[in-house]
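Chemist: Take this sequence and fold it.
(one chain, ligands or ions: 1)
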Amino acid sequence: MIRQKSFENEKPTLFLVPTPIGNLSEMTPRAIEVLNSVDVIACEDTRTSGQLLKHFDIRKRLIAYQNFNEEASAAGIINLLSQGQNVALISDAGYPLINDPGQKVVMEAAAKGFNVVPLSGPNAMLNGLVASGLIAQPFIFVGFLPQGNGERNRKLAEYKNYPMTLVFYEAPHRIEKMMKSVLEIFGDRRCCIARELTKVHEEFLRGTVSELIPELEGLKGEMVVIVEGNRDDYSKDVDSDLIIRMVRESVELGMTTSDAVRDAAKKTGISRNVIYRIVHQCDN
Ligand code: SAM
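Modeler: Predicted coordinates for the structure are as follows:
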């Protein structure tokens, strides 16, 4: 067990600092303050981040943190923290770790007892989700789907029965193929494409998948795709054994049955009534 009181110890800190996804006014005062305070800034691309830092007149030592070289990148940052240096991790845009590098170093820094401190700030997934007009909670963030048709369809099939809203990232040159896969595997659900968020050409396309597909040709820019979850009666596809196990384990840990059912409903997105029915059937 490691307990981190972020601002009540002298340990070196790894700060996770989000940066704008378009509109530079979304760089927060705290992000600028933290970047100015650390010893080293780790980034994806020193040229891209160099320009951002120059804009805000932040002069710090920059090192590269790369996903394709995560082992060595993480080891380098852990080494700096071990020497007592504070490090900020940024990505090209938005939140580090969210379809961007950083997972390994955060896991290692946390496991070694260094402070890992997140700042609030820009993230494309959340902007897209909350403005989509679809149910915002619960949701699943998938990120990018595999590029090959077969693999993409297989991945979508895994999510087909989930009742939660699904959030994807997609590149403009693949959006048409992706949406055709969504139609094929999920059927004609409601969805939203949120494009160029926070930028001057920000746009939302809201409708059913089949309504949006004809609009996709030539659509450019960065995109978040938000798709409605499965609204069918989920009970017929529910993994009853898993539900029963979840409820039993929570009860064994001291929860009341009704709290355990509420907790399982929250975690799975399945209605409390359905869970009650499953648990009740199991008891009889
Ligand atoms: N770390 C970033 C975040 O927190 O959102 C995501 C980085 S990921 C490599 C880049 C993808 O995020 C883009 O291909 C696009 O799907 C999405 N994205 C980033 N900025 C965006 C924007 N301004 N509008 C819409 N989508 C955006």
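Chemist: Low-confidence regions, this protein specifically.
Modeler: 233-237, 282-284 (pLDDT under 70).
Chemist: show me the contacts for the residue of it found nearest the ligand.
Modeler: Closest approach between the chain and the ligand, counting by CB to the nearest ligand atom: residue 94, at 2.5 Å. Every C-beta, even on glycine, is put in place using the N, C-alpha and C of the backbone. Contact partners of residue 94, counting by CB atoms under 8 Å, 6 or more residues apart in numbering, are 18, 19, 21, 100, 122, 123, 124.
Chemist: which residues of the stretch 101-250 of the chain fall in strands?
Modeler: Here the stretch 101-250 of the chain has its strands, by DSSP state E, counting those that start in this stretch, at 115-118, 139-144, 165-170, 190-195, 203-208, 223-227.
Chemist: Need the contact partners of the first one.
Modeler: Spelled out, it's strand 115-118. 4, 6, 9, 11, 12, 13, 14, 15, 16, 106, 109, 110.
Chemist: now do 7 Å
Modeler: 4, 6, 9, 11, 13, 14, 15, 16, 106, 109, 110 (CB atoms under 7 Å, 6 or more residues apart in numbering).
Chemist: swap in the third one?
Modeler: Among residues not part of strand 165-170, those counted as contacts by CB under 7 Å, 6+ apart are 99, 125, 128-129, 134-136, 139-145, 159, 178, 223-229.
Chemist: Are any of these buried, and if so which?
Modeler: Buried members of those, scored by 16 or more other CB atoms under 10 Å, are 99, 125, 128-129, 134-135, 139, 141-142, 145, 159, 178, 223-229.
Chemist: Out of those, which are close to the ligand?
Modeler: Filtering the buried ones among the contacts of strand 165-170 for proximity to the ligand by CB under 6 Å from any ligand atom leaves 99, 125, 223, 224.
Chemist: so can I have a markdown table of these showing distance to residue 38?
Modeler: What follows is these, written out as a markdown table (distance: CB to CB, whole Å):
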| residue | distance to residue 38 |
| --- | --- |
| 99 | 23 |
| 125 | 26 |
| 223 | 32 |
| 224 | 30 |
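Chemist: farthest pair in those?
Modeler: For those, the maximum inter-member distance is 12.5 Å, found between 99 and 223 (CB to CB).
Chemist: Looking at the ones next to the ligand among the buried ones among the contacts of strand 165-170, which is nearest residue 240?
Modeler: Taking CB to CB as the measure, residue 240 lies nearest residue 125 of those, at 31.4 Å.
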